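In: Model the following, please.
(2 chains)
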Amino acid sequence: MPKTIPIDPNEVRQATVITSPDIPVNQYVSHPEQEATRYGHDNLLRMYRDMRLIREFESMLDSVKREGAYRGLTYNHRGPAHLSIGQEAAAVGQSYYLAPEDFILGSHRSHGEILAKGFSAIEKLAEDELMSIMTAYRDGAILRVVERFSNKNDVKDLATDYLLYGTLAEIFGRDAGFNRGMGGSMHTFFPPFGIMPNNAIVGGSAGIAVGMALFKRINRRPGIVIANIGDSAIGCGPVWEAMMFAAMDQFHTLWDREIGGHPPILFNFMNNFYGMGGQPQGETLGFGMLARAGLGINPEAMHAERIDGYNPLAVADAIERKRALLLEGRGPALLDVITYRLIGHSTSDASSYRDKHELDLWREQDSLANFIDYLQTHHHVQPDTIDAIDESIVNRIVKILQAAASLETSPRLDSKRDTIGEMMFSNKFKDRMAEGEPQVQLPLNETRLKTTLAKNRFGLANGTPLPKLKTLTYAEALFEAMIYRFYQDPTMIAYGEENRDWGGAFGVYRGLTEALPYHRLFNTPISEAAIVGTAVGYAIAGGRVVVELMYCDFMGRAGDEIFNQMAKWQSMSANVLEMPLVLRVSVGARYGAQHSQDWSSIVAHIPGLKVMFPATPYDAKGMLNLALHGTDPVVFFESQRLYSEPEILVEGGVPTEYYEVEMGEPIVRRAGNDITIVTIGATLYRALEAADILQRDYGVAAEVIDTRFINPLNYEKIVASVQKTGRALLASDATERGSFLHTMASNISQLTFDYLDAPVAVVGARNWITPPVEMEEDFFPQANWIIDTIHERILPLPGHQVTTTQNTSEILRRNQAGI
Amino acid sequence: MATAIVMPKLGNTVESSIIMRWHKAVGDPIEVGDIICEVETDKATLEVESTASGTVLALFFDEGDDVPVMVNIAAVGEPGEPIEHLRPETASPSPTKKQPGLTTTFDNATTTIPVASSADNGGRIAISPRAKNLAMRKGIALDTLSGTGPGGRIIERDVQMALEAAPKMTPLAQSMLRTGEFSPPAQGSGPRGRVMSHDLIPIDADIEAMQLSGRRRIIAQRMLESLQTTAQLTLNATADARALLNYRQRLKDSPEALALRDITINDLILFVVSRTLLDARELNATLTHETLRRHRRVHLGFAVDTPRGLIVPVIRDAHTLSLKQLANEAHRLADACLTDRITPDELNGGTFTVTNLGSFGIESFTPILNPPQVGILGVGNINPKPIEHEGDVIFAPHIGLSLTINHQVVDGAPGARFLQKLASNMANLETLLAF
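Out: From the prediction side, this is the model:
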């Protein structure tokens, strides 16, 4: 909603037609003499070698999977292997012109792309650079293994063995794999060579790749980013969201020119004509030719082209052209690279969906055989040279397999210790993710901070509430944390729906628009998958990023990005990557069934996420400060009930200076000896109300504990309290069934069983849709629900008359009815 | 869907009714209009008719329970239908005491605490781990507890209440009890009944532990009360027994037809006591609540040793009975005691008691008062005692007499005078018999 771009009815109502650029299809024409000059004998021969190495590497895997042996070496590989035999030309052609700093991201079928990119990087990097990469990566752990069987005197040769071994050991799940075996076949990657995460979720790389390109653009890093995804991925919503995001007009209309325009992203569809067994062209999709999809994105049609992926030179030519265009900021680009896998989707594939005749036709045009013909026809090579190359390749693959298959040379990581547990978080604190001066538009003391700092920092004076407008609110406390880190960390950016100008739907970012340039705070399309997916890419590329979901209920739209991407890449990379990503999630109320849900329990279930939910302004600032200082992915829940509330619980109010709340530590909000009430989020205030009534009417002193954190969570304080009181009731606004409260209840029961005077009771929202605001008291836990539950299940209260049904038969009834 | 039968409101002012008798049991078929139970209000006894047909699935209260009106008392429906939702949340009000930490007391009329008798859970005792730990730490037997938690579960406060009611224990006694090698006594010997370490009863295979029977428990309680509530003073004396022995011999030698041969020394003593008491009204008295009653009639109790413990039947108006009548009544009562045919009336109303351990060779002892009586005479055995006789020392048989008086109301001197008079009457038995 920038005021600088008016929407003029006279213009938009005019009659006209849309014209679109032509989409080139297989337009590359081979000119052997020009190609000889352009590439030279050695490089052409190297292209063959790379294709042949990939073919042999995957044939070896195929043989191991099918027969348990390769060239007399036996090995049982129990994990997956999705092979790309037949697609080598598309991979090698792609990497030919790529610099080491260019990134590729892939799919479950990316062994070929990984190896090709690695060979290209090895070719381009100087020997000392290669040595320092291999020595530094995981403190030389992989190099030490490779040096035992490789030629130490030839660095390029050593690096080639290193690449092949690191990849294969990873596929075999070994500690010396690139990602300590935690990524495996479908996720292998090696950042120093620009080989970035491969994704087993179809299309999963699209958003992440855009985020990495965004990082390069905003932080002026060299190179482009390629998302290698399959033709079927064009049917995935998040892929479209990623393309739309990359094509946003603001990159050229609103962002500073010197940023350089659009993120340098190429959506490279490796079009092998099958999505597992479904056939996009003619069956499961309707695009005719995939390249047509570019027409739906922007006036440039994403510079889309269909390229013959069976000719490595056609692919190399296309990449060279697209790379130049992307570096100029004219992206995004789309390539529809046709290719064909001559093998099943996986070893369980019986090829029931394609005709053998079709397979034979493609085998006749096998890119390897064709390229040998080409090289021989144009005198780049002699037949015996080819034979010599082939033989040395087989010997190399035997050597690599021998090393990777041996449990002695290549042990698995020791999972008896909690090694994998230690990988789940990076647990670091970094003031800034990169050095540099943060780009801002105002000195800090001239920003809105001036106003917020001058407000009352505590909401009560002698027990009476101060005017809300003159007192720092929860939303303003969040603002103070945001602006602090924006002025510390040059890489930090924030985006989401309505983040700029509006200042976020709930005004948390009010004042940031004036303080920050566009590229540090911007609006996105209503594309939650792209918002979170691109943030994942931005973070693993090395930048700090805060993105926002306007309502918690929209989390489903970013399900894969939160559950499979944001949560997993730190550990799947064996901590090679960090994820300084804070996802602010606003929990609604008053807005009915699709805008009022607390889904904190859903993310609590997913390993790899830190989950926080502050309930007071003090914590809002202190916990967001903590989240923004760390290197781990944080889902940061906020309550719309609280945005306009001042601090009334922490004496002294919200400090003006910087501070952090201790990670995972709950806080006792009210002391008592008779029962412990534990809450998550805004339910705290209902519990405090209940505690007042319990004290006044029944003489029961409740201890109220606000967990603040869901994960990690230190139970010690809660345990000590329950040991003292012998009774515990847990409450939050999340619907009761499957609520994280039940996990807590189970843990508390186990940790304090001998101290308990009653089973731990859980009070959640009803397992209904959220009704209209006027009926919310029937849906969200209220003080009287808490008291009735105590009376019915924990400690009968003398004289108490219940007003709600909280007895144990009601638990049975509700579950029987599924409500 | 099961239907509830509610306690009807049997009159405008009726707030609750007591269930006197269930006419139906769980499992019985029932029709609308069938009598399900009989209830009693403060004004009348009435029958409650069923308002549903089917099978009685549950009766939510026991006979004797006081149930507020409009509360579900039973569930009727098809077998197998769920009834838990019909179970009333409130049962009879709890007779509990003030709870620490709670300002409201359970004595308040509006209390709605459900109480089941220590949460009978199919033989298991429902008790929270916390309450169980506390009970074990404090040595409280779980089956003595009744629960006020949800569903009658024994919760911490129930143990705390039991602890308040129970005698306190020293920390040493508590720790010894936790070893499981001791059991707690009913009463401690420390200040205010505090249980001391030496009060604990070792649990040992060589020791036969037995619960006190009802009668023994009553005796135990009476004895303790006696010692705790009165100021007992025992005076010992001996009486010349030659007259008793001579007269007893003569009775034995009397013609059988007179039926005097069974009269015993004890009967003679009872006779002498009954007559002597007429002139010692300080001792033929009872003390209740600071009121001393001096009796003109003598209802004479005497201790009978039975296998189930000591019993003290009372000879009514003993002072009016002849020796033979008195002996016959004494023998009848003793028989009744031994054959367990004694009635409560025959055990009540004594004004003085005689207890005799002479047959066991006891010379003297300290009888324990049988409150509210203020005197009890213990009779010992007969032993020769040197006496001066016409300037010479001879040995004459003497009988031991031990009189315990309640010194609260009987001074030493009247007691001593009574004993002196008793001894004199024994020595001059024949004179007494003349009256």
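
In: Give the buried residues for stretch A:592-610.
Out: Neighbour counts over stretch A:592-610 (16 or more other Cβ atoms under 10 Å in any protein chain shown) mark A:595-604, A:606, A:608-610 as buried. To be clear about C-beta, it is placed using only N, CA and C from the backbone, and glycine gets the same treatment.

In: Endpoint to endpoint, it covers what distance?
Out: 28 Å (Cα to Cα, to the nearest Å).

In: Need the mean per-residue confidence for it.
Out: Taken as a whole, stretch A:592-610 has an average pLDDT of 96.

In: go on, stretch A:299-311?
Out: pLDDT averaged over stretch A:299-311 gives 98.

In: Among the buried residues of stretch A:592-610, which one lies nearest to chain B?
Out: A:S601 (26.2 Å; Cβ to the nearest Cβ).

In: circling back to that earlier point, narrow the buried residues of stretch A:592-610 to those in strands?
Out: Among these, the members found in strands (DSSP state E) are A:K610.

In: Could you dump the buried residues of stretch A:592-610 into TSV and include distance to A:L812?
Out: Listed next are the buried residues of stretch A:592-610 as TSV, based on distance: Cβ to Cβ, whole Å:
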residue	distance to A:L812
A:H595	32
A:S596	27
A:Q597	25
A:D598	25
A:W599	26
A:S600	26
A:S601	22
A:I602	25
A:V603	29
A:A604	26
A:I606	30
A:G608	36
A:L609	33
A:K610	36
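
In: which intervals of chain A have sub-threshold pLDDT?
Out: Scanning chain A for pLDDT under 70 picks out A:1.

In: who in it is up against chain B?
Out: Within chain A, the positions adjacent to chain B are A:673-674, A:697-701, A:726, A:753-758, A:792-796, A:798-802, A:807-810, A:812-813 by Cβ under 8 Å from any Cβ of the partner chain.

In: For ChimeraX, write the selection for the buried entries among those residues.
Out: Of these, the buried ones can be selected in ChimeraX as follows, counting by 16+ other Cβ under 10 Å:
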select /A:674,698,699,700,701,726,755,756,757,758,792,793,794,795,796,798,799,800,802,807,810
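
In: count of neighbours near the nearest residue to A:L295 once chain neighbours are set aside?
Out: Of all residues not flanking A:L295 in the chain, A:A301 sits nearest, at 4.7 Å (Cβ to Cβ, 6 or more residues apart in numbering or on different chains). Residues lying near A:A301 (other Cβ atoms under 10 Å in any protein chain shown) number 20.

In: residue contacts, A:A301?
Out: Counting by Cβ atoms under 8 Å, 6 or more residues apart in numbering or on different chains, A:A301 touches A:S20, A:P21, A:I23, A:G294, A:L295, A:L334.

In: try 6 Å
Out: A:S20, A:P21, A:G294, A:L295 (Cβ atoms under 6 Å, 6 or more residues apart in numbering or on different chains).

In: One more: A:A200?
Out: Per Cβ under 6 Å, 6+ apart, neighbours of A:A200: A:H108, A:M186.

In: Can you give me the neighbour number for A:D418?
Out: A:D418 is flanked by 10 other residues according to other Cβ under 10 Å.

In: brain fart, A:I667
Out: Per other Cβ under 10 Å, the neighbour tally for A:I667 reads 20.

In: got a list of what it touches?
Out: Going by Cβ under 6 Å, 6+ apart, A:I667 touches A:D706.

In: so what's it bridging to?
Out: Counting by DSSP bridges, A:I667 is bridged to A:D706.

In: Quick one: the contacts of A:A301 as TSV, columns for neighbour count and secondary structure too.
Out: Formatted as TSV, those follow (neighbours: other Cβ atoms under 10 Å in any protein chain shown; DSSP: H, G, I helix; E, B strand; the rest coil):
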residue	neighbour count	secondary structure
A:S20	12	coil
A:P21	13	coil
A:G294	25	helix
A:L295	18	helix
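
In: Pop the domain breakdown of chain B in here.
Out: Annotated domains of chain B cover B:3-86, B:120-145+B:153-202, B:218-434 [automatic domain parsing].

In: Could I get the average pLDDT for the last one?
Out: With pLDDT averaged residue by residue, domain B:218-434 scores 90.

In: Over to stretch B:147-155?
Out: If you average the pLDDT over stretch B:147-155, you get 91.

In: residues from the stretch 151-300 of chain B in reach of chain A?
Out: By Cβ under 6 Å from any Cβ of the partner chain, the part of the stretch 151-300 of chain B that sits against chain A consists of B:I155, B:E156.

In: The stretch 151-300 of chain B: strands as residue ranges?
Out: Under the criterion DSSP state E, counting those that start in this stretch, the stretch 151-300 of chain B contains strands at B:182-183, B:201-202, B:232-240, B:285-288, B:291-294, B:300-302.

In: Give me the buried stretch members for the third one, please.
Out: Translated: strand B:232-240. Neighbour-count burial for strand B:232-240 [16+ other Cβ under 10 Å]: B:Q232, B:L233, B:T234, B:L235, B:A237, B:T238, B:A239, B:D240.

In: Nearest residue to the first one in space, please, no chain neighbours.
Out: Translated: B:Q232. Distance criterion Cβ to Cβ, 6+ apart; nearest residue to B:Q232, sequence neighbours excluded, is B:T404 at 5.2 Å.

In: The one you found: neighbouring residues, count only.
Out: Here the number of neighbours of B:T404 (other Cβ under 10 Å) works out to 27.

In: rewinding a little: ok, so of the buried residues of strand B:232-240, who is nearest chain A?
Out: The closest of those, once distances to chain A are taken by Cβ to the nearest Cβ, is B:Q232, at 44.8 Å.

In: which residues does that closest one bridge with?
Out: Assigned bridge partners for B:Q232, using DSSP bridges, are B:N406.

In: rewinding a little: ok but the residue nearest to B:Q232 is inside a strand, no?
Out: Yes. When DSSP: H, G, I helix; E, B strand; the rest coil is applied, B:T404 is found to be in a strand.

In: Show me the helices in the stretch 651-800 of chain A, by range?
Out: Applying DSSP state H, counting those that start in this stretch to the stretch 651-800 of chain A gives helices spanning A:683-698, A:716-725, A:740-752, A:783-789.

In: Deepest-packed of the ones you listed, please.
Out: helix A:783-789 (a mean of 23; mean count of other Cβ atoms under 10 Å in any protein chain shown).

In: What residue in the stretch 51-200 of chain A comes nearest to chain B?
Out: A:M182 (41.3 Å).

In: for that residue, what are its contacts?
Out: A:M182 is in contact with A:M572, A:A574, counting by Cβ under 6 Å, 6+ apart.

In: Repeat the analysis, applying 7 Å as the threshold.
Out: A:M423, A:S571, A:M572, A:A574 (Cβ atoms under 7 Å, 6 or more residues apart in numbering or on different chains).

In: hang on, the earlier thing: nearest to A:E113, of the strands of the stretch 151-300 of chain B?
Out: Closest to A:E113 of the strands of the stretch 151-300 of chain B, according to Cβ to Cβ: strand B:182-183, at 79.5 Å.

In: helices or strands up against that closest one?
Out: Judged by 3 or more Cβ pairs under 7 Å, 6 or more residues apart in numbering or on different chains; DSSP states H and E, the packing partners of strand B:182-183 are strand B:201-202.
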